[in-house]
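Trainee: Take a look and give me a structure for this.
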Amino acid sequence: MKTNSILFIAALWLPAVWLGTGALAQVPTQPSVGQQPTGAAASGQQPGAQQAAGTGAIVAQPGTTPGTGTSVPSQPGVNSTGGTPSINPSEGPVNLQPNVITSFNSGLGLAPTGLKPSGQSGSGQAFTLQEAIDFALQKNVNVRNGQLDAVSAEARIREVKASGLPQVAASASLTDNLIIQRAFLPAVFFNQNASPDAPAVPVQFGVAYSSNASVNLNQVIYSASLNVGLRAAATYRELAQRNLQSTKVTVAEQVAKAYYGVLVAVERAKLLDYNIGRLDTLLNETGALNRQGFVEKLDVQRLEVQANNLRAERQNVQNLIELSYTLLKFQMGLGVNDEITLSERLLDRSADDLRPLISPDPTFQYQSRIEYSTLETQIKLAEQDIELTQKGYLPSASGFANYGYNSGRNAFSQLITDPWFNFATIGLSLQVPIFDGFQKRNQIAQKRITLQKAQNNGELLRNSIDLQIRQSSITLKNSLQTLQTQQRNRDLAQEIVRVTQIKYKEGVGSSIEVLNAEASYREAQTNYFSSLYDFLITKVDQDRSLGRLYVGN
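Mentor: So this is what the prediction gives:
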């Protein structure tokens, strides 16, 4: 209940922050297939973050920010690091687990995954994306319930098989005939000379106490319905396994999107820390120029306002990181107070590196989608259900045997002291259906309609899969084009910042130009990671539509 309340409050709080400050992005609590964040994020925005920090409450304050490895300056005009923080470019992509073909397609293919070891340390257990998915497939409540359904299916199969085995039952009874019923016999039975009109003589037949104990054995010899039921049991097992697999695919998708959300949230915080450091350096230099009389006090105040806004923005993003971690732990089946560390981070990938990942899959088959395989199994089960009802028209045969003892006495003690008498029976039973008022015929008609509807759903599912593949392919191409544009905008904004700072130091530019350039650069950085996140999520959706998101037992 507490976890659900947290997620519900977060779903209401985050859109309000977005509308009020423009600093946060939409936060899908559980992205679905074909759903991904779109559009450019505002300055300092966290695109699609989905979780909260697993190392406890984290507050942006002087010192090193947990999960980023970047120092946060204490206040405007003071650079606690003694210099401008730097962001080292990635040297190249590596696998999630080098030299291992994982059972989860990370969203960037089996080779370049878009992730690399982060090198960060934390107090909680460290998870790669693959490890987080493997953990969720063991601990997630939905997966555990799916496994219980599979166990229940096995018990159901054994139940059907048990009906074909010998059925043995024992019974015993003790009867106290309080008032023995009387039968009326003609008087001639007792007196041959009695008149035919003489009244009948009442006679008691029975004893005061009677008892019986027996063992009964029944064995089905032939039943067409039982044979069909045994075949349907195997199909039922297959259906339970496919439902479990479908649950695992869904959980893998949710964990992957939540994991990416945390990674992007952390990158957003690192960018803000980087920009805060750069702005503090500029603020220090501008303050020195003001004291020497080269710039106005107004320029210093503008920079202080910008620095304060960035720190407030940084705190909002930090809160969003905590929420993103909370959602990831929820999807993994962890408690909200458990501590975790992500051992991978996003790579700064160029659009050209990602372009090969959007190529279509010529080997796709509908059976690759677990939903389609599940529907095929359901159709098969519906056909066997019809056959089961049809077999009800055929006769069935069974054998039976009984063995027991009985006794009857007028005194209760004699039931114990006097001997009992045994009895035994053996025989065959044949049941031949003749007329049931057209009950089975109407049942078969209903089940044929159910089968036809399932077949129609198969046609609808094929069309839906085609639509999902086409939609995800187009969306992925658009995401790549947007990523390429935002990457180019980021490089241009960085160059503009460099030129405007040189002009300002040389006295041929204004502080307004520098502030505008810095704001544009921050927005370009945010938009780039927002576009990268959109691409990753869209790639997960495409892999889901092609049935290659998760392959495992």
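
Trainee: Would you indicate which residues of the helix or strand where R544 lies are buried?
Mentor: Taking DSSP states H and E as the definition, R544 sits inside helix 511-545. By neighbour count on 16 or more other Cβ atoms under 10 Å, the buried set for helix 511-545 is 511, 514-515, 517-545. For the C-beta atoms, the positions are set from N, CA and C on the backbone; glycine is no exception.

Trainee: Please apply the same query to stretch 466-482.
Mentor: Neighbour counts over stretch 466-482 (16+ other Cβ under 10 Å) mark Q468, I469, Q471, S472, S473, T475, L476, S479, L480, T482 as buried.

Trainee: phi, psi of the second one?
Mentor: What it means is I469. Backbone dihedrals for I469, given as degrees, to the nearest 10, come out at phi -60, psi -50.

Trainee: Next, the contact list for it, please.
Mentor: Going by Cβ atoms under 8 Å, 6 or more residues apart in numbering, I469 touches F364, Q542, S545, L546.

Trainee: Just the pLDDT at it, thanks.
Mentor: pLDDT recorded at I469 is 91.

Trainee: can you start the count at 28 instead of 1 from here on
Mentor: Right, with 28 as the first residue, what we last looked at is I496.

Trainee: And it, how far from Q219?
Mentor: From I496 across to Q219, the span is 102 Å (Cβ to Cβ, to the nearest Å).

Trainee: need the strands for the chain, in chain order.
Mentor: 90-91, 98-99, 142-144, 152-154, 194-203, 209-212, 228-231, 236-249, 367-369, 371-373, 423-436, 448-458 (DSSP state E).

Trainee: Between those, which one is closest to R396.
Mentor: Closest to R396 of these, according to Cβ to Cβ: strand 142-144, at 26.0 Å.

Trainee: From the chain's centroid, how far away is stretch 395-414?
Mentor: Here stretch 395-414 shows a centroid-to-chain-centroid distance of 22 Å under the convention Cα atoms, centre = their mean, to the nearest Å.

Trainee: Show residues contacting that stretch.
Mentor: So stretch 395-414 is contacted by 255, 258-259, 262-263, 265-266, 269-270, 272-273, 276, 393-394, 471, 474-475, 477-478, 481-482, 484-485, 488-489, 492, 572-575 (Cβ under 8 Å, 6+ apart).

Trainee: again with stretch 183-203
Mentor: Identification of contacts with stretch 183-203 by Cβ under 8 Å, 6+ apart yields 235-247, 250, 253, 256-257, 259-261, 263-264, 442.

Trainee: 7 Å - rerun?
Mentor: With contact meaning Cβ atoms under 7 Å, 6 or more residues apart in numbering, stretch 183-203 is reached by 236-247, 253, 256-257, 260, 263-264.

Trainee: Now the buried members of those.
Mentor: Among the contacts of stretch 183-203, those scoring as buried are Y236, S237, S238, N239, A240, S241, V247, L253, G256, A260, Y263, R264 (criterion: 16+ other Cβ under 10 Å).

Trainee: quick revisit: and which of the buried residues of stretch 493-509 is nearest to I385?
Mentor: Using Cβ to Cβ, those come closest to I385 at L503, 4.9 Å.

Trainee: Can you name the residues that contact the closest one?
Mentor: Each residue near L503 by Cβ under 7 Å, 6+ apart is listed here: I385, T565, K566, Q569.

Trainee: so what's the backbone phi/psi at the residue lying closest to Q165 once chain neighbours are set aside?
Mentor: Closest residue to Q165 apart from its sequence neighbours, by Cβ to Cβ, 6 or more residues apart in numbering: G360 at 7.7 Å. Listed backbone geometry of G360 is phi 90, psi 20, with angles given as degrees, to the nearest 10.

Trainee: any idea which residue of this protein is furthest from its center?
Mentor: N220 (94.5 Å; Cα atoms, centre = their mean).

Trainee: Next, the contact list for the closest residue to Q458 other than its chain neighbours, please.
Mentor: Spatial nearest neighbour of Q458, chain neighbours left out: S423 (5.2 Å); criterion: Cβ to Cβ, 6+ apart. If you count contacts by Cβ under 7 Å, 6+ apart, S423 has them with Y249, S250, Q458.

Trainee: Now which of those would you call buried?
Mentor: Neighbour-count burial (16+ other Cβ under 10 Å) applied to the contacts of S423 gives S250.

Trainee: now the contacts of S423 in JSON lines, with distance to V327?
Mentor: As requested, the contacts of S423 are arranged in JSON lines below (distance: Cβ to Cβ, whole Å):
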{"residue": "Y249", "distance to V327": "99"}
{"residue": "S250", "distance to V327": "94"}
{"residue": "Q458", "distance to V327": "100"}
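
Trainee: Throw the contacts of S423 into a markdown table and include distance to V344 and pLDDT, thanks.
Mentor: Formatted as a markdown table, the contacts of S423 follow (distance: Cβ to Cβ, whole Å; pLDDT from 0 to 100):
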| residue | distance to V344 | pLDDT |
| --- | --- | --- |
| Y249 | 73 | 90 |
| S250 | 68 | 89 |
| Q458 | 75 | 92 |
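
Trainee: residues touching the residue nearest to the spatial centre of the chain, list them.
Mentor: In the chain, the centroid-proximal residue (Cα atoms, centre = their mean) is V278; its distance is 3.0 Å. Residues in contact with V278 (Cβ under 7 Å, 6+ apart) are A163, L164, N167, N169, V170, Q358.

Trainee: pLDDT at it, what is it?
Mentor: Here the pLDDT value assigned to V278 is 93.

Trainee: Wait, V459 touches P422, no?
Mentor: Yes. If you go by Cβ atoms under 7 Å, V459 and P422 touch, sitting 4.4 Å apart.

Trainee: Which one's more surrounded, those two?
Mentor: Set V459 next to P422 and count neighbours by other Cβ atoms under 10 Å: P422 wins out with 12 against 9.

Trainee: what about the residue nearest to the centre of the chain, distance to V327?
Mentor: Here the criterion is Cβ to Cβ. By it, V278 lies 53 Å from V327.

Trainee: Next: V282.
Mentor: Computed as Cβ to Cβ, the V282 to V327 distance reads 48 Å.

Trainee: Then V293?
Mentor: The spacing between V293 and V327, counted by Cβ to Cβ, is 32 Å.

Trainee: Of those two, which one has the most company?
Mentor: More crowded of V293 and V327, by other Cβ under 10 Å: V293, with 28 against 20.

Trainee: Need the per-residue pLDDT for the more buried one.
Mentor: Predicted confidence (pLDDT) for V293: 87.

Trainee: can you check the one 3 residues further on too?
Mentor: With respect to pLDDT, A296 has a value of 88.

Trainee: Please report the distance of it from L559.
Mentor: Separation of A296 from L559 (Cβ to Cβ) stands at 15 Å.

Trainee: Please apply the same query to S395.
Mentor: From S395 to L559 the distance is 27 Å (Cβ to Cβ).

Trainee: can you count the residues close to Q358?
Mentor: 26.

Trainee: just G574 next, same as before
Mentor: By other Cβ under 10 Å, 22 other residues sit near G574.

Trainee: Now it: closest residue in space, sequence neighbours ignored.
Mentor: Take G574 and drop its neighbours on the chain: the residue closest to it by Cβ to Cβ, 6+ apart is S395, 3.2 Å away.

Trainee: do you know how far that neighbour is from Q268?
Mentor: Distance from S395 to Q268, by Cβ to Cβ: 16 Å.

Trainee: Over to I476?
Mentor: Here the criterion is Cβ to Cβ. By it, I476 lies 27 Å from Q268.

Trainee: next one: T390
Mentor: Computed as Cβ to Cβ, the T390 to Q268 distance reads 24 Å.

Trainee: Pick out whichever of those two has more residues nearby.
Mentor: Q268 (18 against 8).

Trainee: tell me the contacts of the residue lying closest to that one once chain neighbours are set aside?
Mentor: Among residues not flanking Q268 along the chain, A177 sits closest, at 6.1 Å (Cβ to Cβ, 6+ apart). By Cβ under 7 Å, 6+ apart, the contact set of A177 is A267, Q268, L271.

Trainee: ok, now Q552?
Mentor: Going by Cβ under 7 Å, 6+ apart, Q552 touches L298, R517.

Trainee: try 8 Å
Mentor: Going by Cβ under 8 Å, 6+ apart, Q552 touches L298, N302, R517, A520.
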